[in-house]
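Peer 1: test case, fold it:
(2 chains)
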Amino acid sequence: MDVDEIVEGILSGNKRALARAITFVENEYPEGKEILKRIFPKTGKAHVVGITGFPGVGKSTIVSKLTQEFRSRGKTVGIVAIDPGSPFTGGALLGDRLRMDGLDSSKKLWIDPGVFFRSMSSRGRAGGLAAKTGDAVRLMDAFGFDVILVETVGAGQSEVDVIEVADTSIVALMPEMGDDIQINKAGILEIGDIYVVNKADLGGADKTERWIKAMLMMDQEAVEILTKTSHAQEYEVQTGKIFDKVSRAGWVPPVIKTIADKGEGIPELADAIEKHFDYLKSSGKLIETRKQRLSREMIEILLQEMKNYLQRTDKINFKEVVEKVSRNDLDPHTAVEKIMKSILKDY
Amino acid sequence: MEEREKKIRVLVAKVGLDGHDRGAKVVARFLRDAGFEVIYTGLHRTPQEVAMAAVQEDVDVVGISLHSGAHMTLVPKVLNYIREYGGDPDEMVVLVGGIVPEDEFDELKAKGVDGIFIPGTPISEIVDFIKETVPKKKGMKVKS
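Peer 2: Below is the predicted model:
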């Protein structure tokens, strides 16, 4: 398949074309860049939803059930699921796909015309995503999926790259993963637009839910509410129900309890996802965030192009400059300033 | 041969009513250690599901594990569905692993299978076969 066929294929709903395009992009073939350029005008319509959380909390199962739910609501769903690639061998065991439907094929998600699933290896990259996840999402967006689910690598505490591609980020937890100090640590627990306590049939789910709510409310406003709480409201404080009474400007991340393999809590989760998208659109935040993201992406591309330029230009002998610096004839800052001056007239 | 490199992607699939997945899991694990990207389907997939996965994941290798004796029926079905879904099984290396009687090897190969690996095969044999055959079929270098 050549570039023309692939672009035409993507825009006319050919899954094989989409699959091949992702391969080109993932392996950094020049065709991949060309395809991305040409499909770009068709992007920006899909709602990109990221799902992150520690290994084994049930991200893939949530993705499977959410896909079912969105399909029953008449939406088409594209999925990019990332698993870790080995930093030693480069190999990867991509095991997210097998959770789709689990052992129950009755929903036929694998062959559903409105579903496309692609597994990706992180290829040794930290942060929870593969380097080309954003581009894969864009290809799916141009293909026309209504919702694109991005499932991260099982994340640790600081893998927060998902917010660079997702409009809505879901952080999935489960009971007994630590105490309220763990919940209040910086990093992944700061990024949720929606929090999920999965495996809620295990003991301790209510406590985890309360801790997350308390973490989200821990600011001056919440302190005032709690100090004004009468003794009669003690029950509401203890159960965390008091937090539901707080009305504040903007988006308050909901905490949703799910038992994903039984499908419990999934419709509520889908509702919250749709509500968040409406909020992003009506508040203007969607355009604003996407613009900021594009600006970061363009700076990254610019730096990459700069690197490529330095490698191939004969205007500057970069190796020779490095030699000079290593002999202490020049310092790194002055060296780079000189390079900049020789490239840009008005530097 | 075109001078470009590609990471090899392998689909390891279990088709039909066959609960014997130890072999498939062990092979998947060792192919991972050989530097391939391995997608495992899990048990009891239909031929349609395996074919659709091969197309969407754009794999270079489709490995089908069968211990049920249904290889003569199910393997051609998978390949036909790959074609039906717009893929090209001739561009993929098709492997069958598991219980296949030796006197059926030729017939199975005539149906489009490139390699058959029965119990007792050293894993290096499968890895070498993949590294050798994928570049021939794809016309590109292999990255590992």
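Peer 1: residue B:37 against residue B:11, yeah?
Peer 2: No. In this structure residue B:37 lies outside contact range of residue B:11 using Cβ atoms under 8 Å: 10.0 Å. Heads up, the C-betas are built off the backbone N, CA and C, glycines and all.
Peer 1: which one's more surrounded, the two?
Peer 2: residue B:11 (30 against 27; other Cβ atoms under 10 Å in any protein chain shown).
Peer 1: what's near enough to touch that one?
Peer 2: Taking Cβ atoms under 8 Å, 6 or more residues apart in numbering or on different chains, we find residue B:11 in contact with B:38-39, B:41, B:50, B:53-54, B:57, B:59, B:61-63.
Peer 1: need the contact list for the residue lying closest to it once chain neighbours are set aside.
Peer 2: Nearest-residue entry for residue B:11: residue B:59, 4.4 Å, with adjacent residues in sequence omitted and distances by Cβ to Cβ, 6 or more residues apart in numbering or on different chains. Each residue near residue B:59 by Cβ under 8 Å, 6+ apart is listed here: B:9-11, B:39, B:92.
Peer 1: okay, these in TSV with pLDDT and distance to residue A:189 next?
Peer 2: What follows is those, written out as TSV (pLDDT from 0 to 100; distance: Cβ to Cβ, whole Å):
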residue	pLDDT	distance to residue A:189
B:9	97	34
B:10	97	36
B:11	98	36
B:39	97	31
B:92	96	43
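Peer 1: give me the element residue 130 is part of.
Peer 2: You didn't pick a chain, so chain A it is. Using DSSP states H and E, residue A:130 falls within no helix or strand.
Peer 1: my bad, chain B
Peer 2: For residue B:130, the enclosing helix or strand under DSSP H and E is helix B:123-138.
Peer 1: whether that helix contacts chain A - can you check?
Peer 2: No. With Cβ under 8 Å from any Cβ of the partner chain as the criterion, chain A is not reached by helix B:123-138; the gap is at least 10.6 Å.
Peer 1: name the residues that touch that helix?
Peer 2: Helix B:123-138 is contacted from outside by B:1, B:6, B:8, B:10, B:27, B:30-31, B:34, B:36, B:60-61, B:90-93, B:95, B:97, B:114-115, B:117, B:141-142, B:144, using Cβ under 8 Å, 6+ apart.
Peer 1: the helix or strand in which residue A:308 is found: how far from the chain's middle?
Peer 2: Following DSSP H and E, one finds residue A:308 within helix A:285-312. Using Cα atoms, centre = their mean, to the nearest Å, the mean C-alpha position of helix A:285-312 is found 18 Å from that of the whole chain.
Peer 1: outside of the helix or strand following that helix, which residues touch it?
Peer 2: For helix A:285-312, the following helix or strand on the C-terminal side (DSSP H and E) is helix A:318-326. Contact with helix A:318-326 is made by A:310-311, A:330-332, A:335, A:338-339, as judged by Cβ under 8 Å, 6+ apart.
Peer 1: with stretch A:181-193 instead?
Peer 2: Contacts of stretch A:181-193 (Cβ under 8 Å, 6+ apart): A:52-53, A:155-160, A:162-163, A:168-171, A:208, A:211-212, A:214-215, A:218, A:251, A:253, A:276.
Peer 1: and it, which residues are buried?
Peer 2: Buried residues in stretch A:181-193, defined by neighbour count with 16 or more other Cβ atoms under 10 Å in any protein chain shown: A:183, A:188-189, A:191-193.
Peer 1: now tabulate the residues you listed in a markdown table and tack on distance to residue A:73 and secondary structure.
Peer 2: Listed next are the buried residues of stretch A:181-193 as a markdown table, based on distance: Cβ to Cβ, whole Å; DSSP: H, G, I helix; E, B strand; the rest coil:
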| residue | distance to residue A:73 | secondary structure |
| --- | --- | --- |
| A:183 | 31 | helix |
| A:188 | 28 | helix |
| A:189 | 29 | helix |
| A:191 | 26 | coil |
| A:192 | 22 | coil |
| A:193 | 19 | coil |
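Peer 1: per-residue pLDDT of the residue nearest to residue B:11, please?
Peer 2: At residue B:59, the model reports a pLDDT of 97.
Peer 1: quick one: residue A:306 and chain B, what's the gap?
Peer 2: Counting by Cβ to the nearest Cβ, to the nearest Å, the gap from residue A:306 to chain B is 24 Å.
Peer 1: next one: residue A:81
Peer 2: In this view, residue A:81 and chain B are 10 Å apart by Cβ to the nearest Cβ.
Peer 1: residue contacts, the closest residue to residue A:81 other than its chain neighbours?
Peer 2: Setting aside the residues directly before and after it, residue A:81 is nearest to residue A:96 in space (Cβ to Cβ, 6+ apart), at 3.5 Å. By Cβ under 8 Å, 6+ apart, the contact set of residue A:96 is A:59-60, A:63, A:81-83, A:119, A:151.
Peer 1: which ones among the contacts of stretch A:181-193 map onto helices?
Peer 2: A:208, A:211-212, A:214-215, A:276 (DSSP state H).
Peer 1: can you list the buried residues in the helix holding residue A:308?
Peer 2: residue A:286.
Peer 1: hmm, back to that, just curious, which of the buried residues of stretch A:181-193 is nearest to residue A:42?
Peer 2: residue A:193 (25.6 Å; Cβ to Cβ).
Peer 1: ok, the nearest residue to residue A:338 once chain neighbours are set aside to residue A:331 distance?
Peer 2: Leaving out its chain neighbours, the residue that sits closest to residue A:338 by Cβ to Cβ, 6+ apart is residue A:321, at 7.6 Å. Distance of residue A:321 to residue A:331, computed by Cβ to Cβ, to the nearest Å: 11 Å.
Peer 1: those two - which one has more neighbours?
Peer 2: Legend: neighbour count by other Cβ under 10 Å for residue A:321 and residue A:331, higher for residue A:321 (18 against 11).
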